[in-house]
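1. sequence-free structure coming up:
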């Protein structure tokens with residue numbers, strides 16, 4: 001284990017052998033943060049066999065001594081506690097009073113049912129959120145429509161809120177926060193994710209995209225990602241795909257670009273893990289020689305790909321002078337090693353936990369179908385094994401995610417975080433109990449959030465109006481259709497709209513929908529006429 005003042009003895013000749021000086025605009029400006037001396041890159045140097053140190057941290061869920069822990073709702077409450085629901089309800093009611101004074105306020109019970117319905121809609125993909133309330137037998141969902149009306153669901157969807165607008169600082173102010181609208185949710189979940197679960201030793205740090213195609217100054221474009229447009233999030237995940245910590249990227253502050261962004265992100269996401277000998281893996285966007293040295297001195301083991309043009313790297317052979325399978329390696333006296341391995345293309349790796357001349361074998365298949373064995377540096381094998389944990393977290397989230405469009409940019413982030421919370425709760429539950437699938441866990445959680453008591457109560461609504469009935473064209477044109485005069489006035493299934501509603505007591509006996517039938521309007525004839 002390495003302490004902050006850990007230092008290897010350096011011969012004086014190393015000062016003359018270093019061919020690249022530290023840059024004046026280095027990310028570590030103070031003397032305390034500079035690498036210890038100007039280290040020379042050596043072809044051979046004797047270092048301890050185990051550079052990573054001992055790992056003695058507990059891993060897995062932080063369990064409660066509660067008999068109800070077996071329930072999915074109790075696990076979900078660890079990462080998404082009732083305090084979050086309370087704050088959402090408080091801010092939503094405040095927003096309702098601002099935008100629609102006199103409208104019915106929501107409650108914690110109703111908000112849980114609302115989010116539960118959204119989880120179900122992630123399991124059952126609908127083109128529109130209104131489809132489960134459709135009169136069409138193809139789209140209609142009796143369970144969803146029995147919880148609350150489509151009008152109430154749409155009302156909550158358009159008025160859910162997370163922070164008090166009156167407290168928001170204006171752009172240019174010292175306390176201005178680009179993520180103010182969603183800040184309480186971000187802070188709550190970052191804290192609960194860390195408190196509920198102790199991560200495994202090997203973790204990866206990578207980018208994650210939240211899909212959004214609307215207008216927002218936070219939106220990023222990354223053409224090489226599966227999700228090319230949206231919000232960029234920095235994520236640290238462990239071997240199970242559990243999201244341990246995240247941060248939403250907000251771009252540069254003012255007119256000044258952010259210097260050493262990659263190093264800043266890694267240091268922020270690993271700030272609470274110093275001296276505990278966790279192993280971190282990340283790509284060339286984040287890595288640098290200075291960052292690796294900084295992590296090493298603070299007891300953080302790391303390995304990453306690195307760009308060839310980074311500062312302080314040794315001179316490497318040209319690609320054309322190396323054939324497939326060749327390896328070039330150098331190591332510094334502070335334990336930072338660099339490897340260039342020629343595969344189909346050159347692979348550049350940097351590590352503060354791998355000795356040079358450590359190799360592993362990997363089986364591969366040739367074009368003719370025969371098996372072959374490749375010899376490659378151990379750092380490359382370890383990187384390929386552990387780098388994909390953030391991608392695993394994104395994969396799990398994508399299975400049953402809530403794909404909800406909105407003009408309010410921060411709602412996309414909220415639905416994303418709700419999905420992440422469900423997946424994290426599932427992984428905690430899976431670590432302690434035999435859970436079959438994420439689908440069953442999500443369905444069980446949604447049913448508990450909605451609650452049987454809520455289903456037995458009268459549905460909440462904002463409007464007494466009912467939806468127009470839907471009849472397929474085949475049914476309109478076939479069979480017998482006779483008009484019948486009733487006692488109840490209902491919306492015409494042909495001509496009535498929200499802007500211009502028309503009601504009638506005439507009913508088609510074949511279609512079972514109301515249709516206007518008078519000397520001024522004959523929707524009965526037009527509705528059954530072949531097109």
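-> Looks like it came in fine. Keep in mind it's a predicted model, so treat the numbers as computed, not measured.

2. contacting residues for residue 266?
-> The neighbours of residue 266, taking Cβ atoms under 8 Å, 6 or more residues apart in numbering as the test, are 205, 280, 282, 286, 291, 295, 302. Where you see a C-beta, it was placed from the backbone N, CA and C, and this is true even at glycine.

3. hmm, 7 Å instead?
-> By Cβ atoms under 7 Å, 6 or more residues apart in numbering, the contact list for residue 266 reads 205, 282, 286, 291.

4. which single one of those is nearest to residue 247?
-> Nearest to residue 247 out of the contacts of residue 266 is residue 205 (Cβ to Cβ; 10.5 Å).

5. and the closest one, bridged to which residues?
-> For residue 205, the beta-bridge partners under DSSP bridges are residue 236.

6. so how far is residue 192 from it?
-> Applying Cβ to Cβ, to the nearest Å, the value for residue 205 to residue 192 is 20 Å.

7. same check on residue 122?
-> From residue 122 across to residue 192, the span is 21 Å (Cβ to Cβ).

8. that older thread, more neighbours: which of residue 205 and residue 192?
-> The neighbour comparison of residue 205 against residue 192 (other Cβ atoms under 10 Å) goes to residue 205, with 26 against 19.

9. burial measure for the closest residue to residue 156 other than its chain neighbours, as a count.
-> Closest residue to residue 156 apart from its sequence neighbours, by Cβ to Cβ, 6 or more residues apart in numbering: residue 114 at 4.9 Å. Residue 114: 23 surrounding residues under other Cβ under 10 Å.

10. just confirm residue 114 is within a helix.
-> Yes. When classified by DSSP: H, G, I helix; E, B strand; the rest coil, residue 114 is found to be part of a helix.

11. where along the stretch 301-450 of the chain do the helices fall?
-> Across the stretch 301-450 of the chain, reading from the start of the chain, the helices by DSSP state H, counting those that start in this stretch fall at 378-386, 389-399, 409-432, 438-450.

12. pretty sure residue 401 sits against residue 121.
-> No. Here residue 401 lies out of contact with residue 121, judged by Cβ atoms under 7 Å, at a distance of 10.3 Å.

13. tell me who's in contact with residue 526.
-> With contacts taken as Cβ under 7 Å, 6+ apart, residue 526 has the following neighbours: residue 494.

14. if you set the cut-off to 10 Å instead, what comes out?
-> Residues in contact with residue 526 (Cβ atoms under 10 Å, 6 or more residues apart in numbering) are 494-495, 515-516.

15. who wins for neighbours among those residues?
-> The most neighbours, when the contacts of residue 526 are compared by other Cβ under 10 Å, belong to residue 515, which has 27 neighbours.

16. quick one: residue 130 from residue 139, how far?
-> Taking Cβ to Cβ as the criterion, residue 130 is separated from residue 139 by 9 Å.

17. domains of this structure?
-> In the assignment given by automatic domain parsing, the structural domains of the chain cover 1-54+284-386, 67-169+392-455, 473-528.

18. I'd like the ones you listed as CSV, with distance to residue 229 and mean pLDDT appended.
-> As requested, the domains of the chain are arranged in CSV below (distance: least, Cβ to Cβ, whole Å; pLDDT from 0 to 100):
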stretch, distance to residue 229, mean pLDDT
domain 1-54+284-386, 19, 76
domain 67-169+392-455, 11, 90
domain 473-528, 32, 84
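
19. winner for burial among those?
-> Each of those was assessed for mean neighbour count using mean count of other Cβ atoms under 10 Å. The highest is domain 67-169+392-455, with a mean of 18.

20. and that domain, how far out from the chain middle?
-> Here domain 67-169+392-455 shows a centroid-to-chain-centroid distance of 16 Å under the convention Cα atoms, centre = their mean, to the nearest Å.

21. with stretch 241-251 instead?
-> For stretch 241-251, the distance between its averaged C-alpha position and the chain's averaged C-alpha position is 7 Å (Cα atoms, centre = their mean).

22. need the distance between the two termini of stretch 313-322.
-> For stretch 313-322, the first-to-last residue distance is 18 Å (Cα to Cα, to the nearest Å).

23. that's a strand at residue 280, yeah?
-> Yes. Secondary structure of residue 280 (three-state DSSP): part of a strand.

24. partner residues bridging it?
-> Applying DSSP bridges to residue 280 gives these bridge partners: residue 203, residue 302.

25. ranges for the strands of the stretch 1-150 of the chain?
-> In the stretch 1-150 of the chain, the segments counted as strands under DSSP state E, counting those that start in this stretch are 41-42, 60-61.

26. what's the burial count for the residue nearest to residue 416 when sequence neighbours are not counted?
-> Among residues not flanking residue 416 along the chain, residue 210 sits closest, at 4.6 Å (Cβ to Cβ, 6+ apart). By other Cβ under 10 Å, 19 other residues sit near residue 210.

27. so which helix or strand takes in residue 210?
-> Residue 210 belongs to strand 202-211 when assigned by DSSP states H and E.

28. and the residue nearest to residue 416, how far is that from residue 160?
-> 17 Å.

29. what's the answer for residue 286, then?
-> On the measure of Cβ to Cβ, residue 286 and residue 160 end up 35 Å apart.

30. phi, psi for residue 191 please.
-> Its backbone dihedrals place residue 191 at phi -70, psi -50, with angles given as degrees, to the nearest 10.

31. count the residues that sit near it.
-> 13.

32. residues in contact with it?
-> Here residue 191 is in contact with 79, 81, 245 (criterion: Cβ under 10 Å, 6+ apart).

33. you'd agree the first one is up against residue 73?
-> No. Here residue 79 does not reach residue 73: they are 11.6 Å apart, not a contact under Cβ atoms under 10 Å.

34. what are the boundaries of the helices in the stretch 101-250 of the chain?
-> Using DSSP H, counting those that start in this stretch, the helices found in the stretch 101-250 of the chain span residues 108-123, 142-147, 150-159, 183-196.

35. can I get these in TSV including distance to residue 389?
-> Below are these laid out as TSV (distance: least, Cβ to Cβ, whole Å):
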stretch	distance to residue 389
helix 108-123	23
helix 142-147	34
helix 150-159	33
helix 183-196	14
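
36. ok, the nearest residue to residue 170 once chain neighbours are set aside - contacts?
-> The shortest distance from residue 170 to any residue other than its chain neighbours is 6.6 Å, reached at residue 176 (Cβ to Cβ, 6+ apart). The contact partners of residue 176, by Cβ under 10 Å, 6+ apart, come to 168-170, 253-254.

37. between those, which is closest to residue 483?
-> Distances from residue 483 to those, taken by Cβ to Cβ, are shortest for residue 168, at 57.8 Å.

38. contacts only, for the residue nearest to that closest one when sequence neighbours are not counted.
-> Spatially, and ignoring its direct neighbours in sequence, residue 168 is nearest to residue 180 (4.9 Å; Cβ to Cβ, 6+ apart). Listed by Cβ under 10 Å, 6+ apart, the contact set of residue 180 reads 162-165, 167-169, 410.
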